[in-house]
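Peer 1: next come a sequence and a model predicted from it.
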There are 2 protein chains.
Amino acid sequence: MKKKPVKLADVARFSGVSTATVSRALSLPHKVKPETLERIQRVIKKLGYVPHGAARALATRRTHTIGAVIPTLDNAIFANTTHALQKTLDEAGYTLLLGCHEFNPKVEARIARKLIERGVDGLVLFGTDHENELWELIERVQIPYVLTWALDRTGRRPCVGFDSREAGVRVAQYLMDLGHRRFAMIAGITATNERHRERVRGVREALAARGIALPPSRIIEKPFSPTAGREAMQEILRQRVRSTAVICGNDVLAIGAIAECHAQGLNVPADISVTGFDDMEFASMVTPALTTVHFPAAELGQYAAEHLLARLSGRKVPHQQQLPVELIVRASSAAPREVLAEVG
Amino acid sequence: MKKKPVKLADVARFSGVSTATVSRALSLPHKVKPETLERIQRVIKKLGYVPHGAARALATRRTHTIGAVIPTLDNAIFANTTHALQKTLDEAGYTLLLGCHEFNPKVEARIARKLIERGVDGLVLFGTDHENELWELIERVQIPYVLTWALDRTGRRPCVGFDSREAGVRVAQYLMDLGHRRFAMIAGITATNERHRERVRGVREALAARGIALPPSRIIEKPFSPTAGREAMQEILRQRVRSTAVICGNDVLAIGAIAECHAQGLNVPADISVTGFDDMEFASMVTPALTTVHFPAAELGQYAAEHLLARLSGRKVPHQQQLPVELIVRASSAAPREVLAEVG
DNA sequence: TTGTAAGCGTTATCAC
DNA sequence: GTGATAACGCTTACAA
């Protein structure tokens, strides 16, 4: 036997006013006579009235809700971005609807549609690679959105992100400056992931610019897991010509790669250099710390939220926003022994 | 000049049927004549009709939405739980509304209320410690909820979680069995966090049972960050009587603690043993691996979701559900040198 | 400053 | 199988 929920009309009745006045008391308190307002608020408290969001959304055509479809929460870097996203939205009175696609574009499209049907006022997507079907839906329903992590090279879509190619160039140049000449790369899956495509491209182009090749056999694509990183490193260590520097598509792969080196009795970086992208703050505190190109994930979440919030409230914002990345040099990279030998 | 969104009535008009039939075509397709159904579906596709969730929610009094208020996404363990939660809900056709309270109970209450106003069909909370105000709200609106991570000792509230006290007992006994007698603990903030209170209690009780005291000076409470872990370890290493075993309230604190040991030239575990709770899979791959009591976070998320989904669809489920934790022994714990000396 | 009443876009209960 | 039509709970002109 559950009692019916209290509704706005009940509050109105008990306060001896109309529903319109109660509604105003809630959303435009300054347009209500102070005494009336106070009376209404007392009744609201006494009755324990809780506004009905769906009804309000139906009437106002606004849900104060933002949807985000992220790759996964199992990677700290995306979790960090999402955390900042949620926090910024919350402070602005918005609620986050969250979905994870686990690197499957079809799933992403499905979830995005679901969020749109739930009525989100805006949408946050990760990267620029998306199903056509999703683009069409977004276009059709005219929902404000922002792409994150990546930059849209066409310049047509609103985004706040990083230049992944540039990041690739940075590590490659750094390692070449240390004297490395034989490279291998443990890349993430690049097919539907422009961020990792660009990282590889950056590395490859920077190497090529100094006459160093990175043949396909030296680029091993793996899903994002430490185990996959280990496997890839095994493959690399099996190759006849040994690489002196291994660049990993992200921190997770790098951790696995280092673990495999250790398992084979190799010293990092004395015997082989391992670098990566993203971050590994925690692990770096206690291990041959990883040199990485660091992407400030939390800042990204905050800026992405602010971008969307600004547009929702009619403010002007730069269509494209690029966030700087930072090369953090730690103990995991070094000159290869052979180079040191030459110099010495 | 934005064109008005397509609504169900438009689909009805173009298909030459009533809105009732279109509605049925959407939710009870088998109750519609196949030809009619097909015609409607064609029109839906052609018009690009997207159902209006708020209107549907208003009419059905169901949003197919679940709210979760978690501590933070910046700790991998909660991110993992949330990931599994989202995934399980998604598979059942539900959407996750997410909020983070960052260990502030007032914020938790505020966000929970917001989610309830948005119309979530159910609520997932972390732990058993909550503001009275929140309990009253939950009671008043009669919303199905489930507590996670912790177990409710009163047995009155639905929950799926772990026995944190037991976890504390496990590490303590393990370390005592190794020969340790002088302990210190780097605890998390316990005031509004029964999980960490219970971990401390378990350790303390297990030690007491074997006549070992853990005086307040040996329990250092810190917020959950590696930096705080380092600071706490500094304090501990400054104490006149040196502890041989340091138990950390979670993995994040433990990482910091180990880092500080290394910084001071101490070998872990030869010079001092450092253990923890939760997990540290990645770091463990490349560092003096942490012995921990492992809480299967992803499983928890899945079970919590299933619990709630079951109740929402009227199925019976156990009111309380305890998930097993596992002591994972790795290289970070060991007999203290003095003990080895005695034995040797 | 407050009240009246017409939506908002669905679903659901009846008839037919 | 299908169609009218009354909810669902709130907002917002427009009046008073």
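Peer 2: Here it is on my side, so go on.
Peer 1: and residue A:69, its phi and psi?
Peer 2: For residue A:69, the backbone dihedrals (degrees, to the nearest 10) come out as phi -110, psi 110.
Peer 1: let me redo that: residue A:274
Peer 2: Summarising the backbone geometry of residue A:274 under the convention degrees, to the nearest 10, its torsions are phi -130, psi 120.
Peer 1: please report how far it lies from residue A:249.
Peer 2: Distance, residue A:274 to residue A:249, using CB to CB, to the nearest Å: 12 Å. Any C-beta I mention is one placed from the backbone N, CA and C, and that applies to glycine too.
Peer 1: those two: which has the busier surroundings?
Peer 2: residue A:249 (30 against 26; other CB atoms under 10 Å in any protein chain shown).
Peer 1: okay, now the closest residue to that one other than its chain neighbours: neighbour count?
Peer 2: For residue A:249, the nearest residue in space outside its immediate sequence neighbours is residue A:188; the separation is 3.9 Å by CB to CB, 6 or more residues apart in numbering or on different chains. Residue A:188 is surrounded by 23 other residues when neighbours are defined as other CB under 10 Å.
Peer 1: where in chain A is pLDDT low?
Peer 2: A:1-2, A:280-288, A:338-344 (pLDDT under 70).
Peer 1: if we go to 50?
Peer 2: A:343-344 (pLDDT under 50).
Peer 1: near DNA strand D, which residues of the stretch 51-200 of chain A? Just list them.
Peer 2: Taking CB under 7 Å from any atom of the strand as the criterion, the neighbours of DNA strand D within the stretch 51-200 of chain A are A:51, A:52, A:55, A:56, A:58, A:59, A:60.
Peer 1: how much space separates the residue nearest to residue A:249 from DNA strand C?
Peer 2: 40 Å (CB to the nearest atom of the strand, to the nearest Å).
Peer 1: tell me who's in contact with that residue.
Peer 2: Taking CB atoms under 8 Å, 6 or more residues apart in numbering or on different chains as the definition of contact, the neighbours of residue A:188 are A:196, A:221, A:222, A:223, A:224, A:249, A:250, A:253.
Peer 1: isn't the fifth one right up against residue A:76?
Peer 2: No: counting by CB atoms under 8 Å, residue A:76 is not a contact partner of residue A:224; they are 11.5 Å apart.
Peer 1: residues contacting the residue nearest the centre of chain A?
Peer 2: The geometric centre of chain A, computed from its C-alpha atoms, lies nearest to residue A:78 (CA atoms, centre = their mean), at 4.4 Å. Taking CB under 8 Å, 6+ apart as the contact definition, residue A:78 lies against A:70, A:71, A:72, A:126, A:297.
Peer 1: kindly recompute the last result at 10 Å.
Peer 2: With contacts defined as CB atoms under 10 Å, 6 or more residues apart in numbering or on different chains, the neighbours of residue A:78 are A:68, A:70-72, A:100, A:126, A:148-149, A:278, A:297, A:300-301, B:73, B:79, B:83.
Peer 1: top of the residues you listed by neighbour count?
Peer 2: Neighbours were tallied for each of the contacts of residue A:78 (criterion: other CB under 10 Å), and the maximum of 31 neighbours falls on residue A:68.
Peer 1: that one looks like it's in a helix, true?
Peer 2: No: counting by DSSP: H, G, I helix; E, B strand; the rest coil, residue A:68 falls outside a helix, being strand.
Peer 1: state the distance from the closest residue to residue A:151 other than its chain neighbours to DNA strand D.
Peer 2: In space, and not counting its chain neighbours, residue A:151 is closest to residue A:161: 4.9 Å by CB to CB, 6+ apart. Counting by CB to the nearest atom of the strand, the separation of residue A:161 from DNA strand D is 34 Å.
Peer 1: ok, residue A:161 - contacts?
Peer 2: Listed by CB under 10 Å, 6+ apart, the contact partners of residue A:161 are A:126-128, A:146-152, A:194-195, A:295, A:300, A:303-304, A:320-323.
Peer 1: among those residues, which are in helices?
Peer 2: A:194, A:195, A:300, A:303, A:304 (DSSP state H).
Peer 1: out of these, what pair is the most spread apart?
Peer 2: A:194 and A:303 (19.1 Å; CB to CB).
Peer 1: what's the helix or strand for the residue nearest to the centre of chain A?
Peer 2: Secondary structure from DSSP states H and E places residue A:78 in helix A:76-91.
Peer 1: following that helix, which helix or strand comes up?
Peer 2: Under the assignment DSSP H and E, the closest C-terminal helix or strand after helix A:76-91 is strand A:95-100.
Peer 1: hmm, that next one touching chain B?
Peer 2: Yes: using CB under 10 Å from any CB of the partner chain as the criterion, contacts between strand A:95-100 and chain B involve A:95, A:96, A:97, A:98, A:99, A:100.
Peer 1: would you map the helices across the stretch 1-150 of chain A?
Peer 2: Taking DSSP state H, counting those that start in this stretch as the criterion, the stretch 1-150 of chain A contains helices spanning A:8-15, A:19-27, A:34-47, A:53-60, A:76-91, A:105-117, A:132-141.
Peer 1: can you add distance to residue A:211 and give those helices back as JSON lines?
Peer 2: Listed next are the helices of the stretch 1-150 of chain A as JSON lines, based on distance: least, CB to CB, whole Å:
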{"stretch": "helix A:8-15", "distance to residue A:211": "74"}
{"stretch": "helix A:19-27", "distance to residue A:211": "67"}
{"stretch": "helix A:34-47", "distance to residue A:211": "74"}
{"stretch": "helix A:53-60", "distance to residue A:211": "61"}
{"stretch": "helix A:76-91", "distance to residue A:211": "33"}
{"stretch": "helix A:105-117", "distance to residue A:211": "37"}
{"stretch": "helix A:132-141", "distance to residue A:211": "40"}
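Peer 1: what's the most buried one of the ones you listed?
Peer 2: helix A:76-91 (a mean of 24; mean count of other CB atoms under 10 Å in any protein chain shown).
Peer 1: I'd like to know how far the residue nearest to residue A:164 when sequence neighbours are not counted sits from residue B:164.
Peer 2: When the adjacent residues along the chain are set aside, residue A:164 lies closest to residue A:198, with 3.6 Å between them (CB to CB, 6+ apart). Remark: distance between residue A:198 and residue B:164 (CB to CB) = 44 Å.
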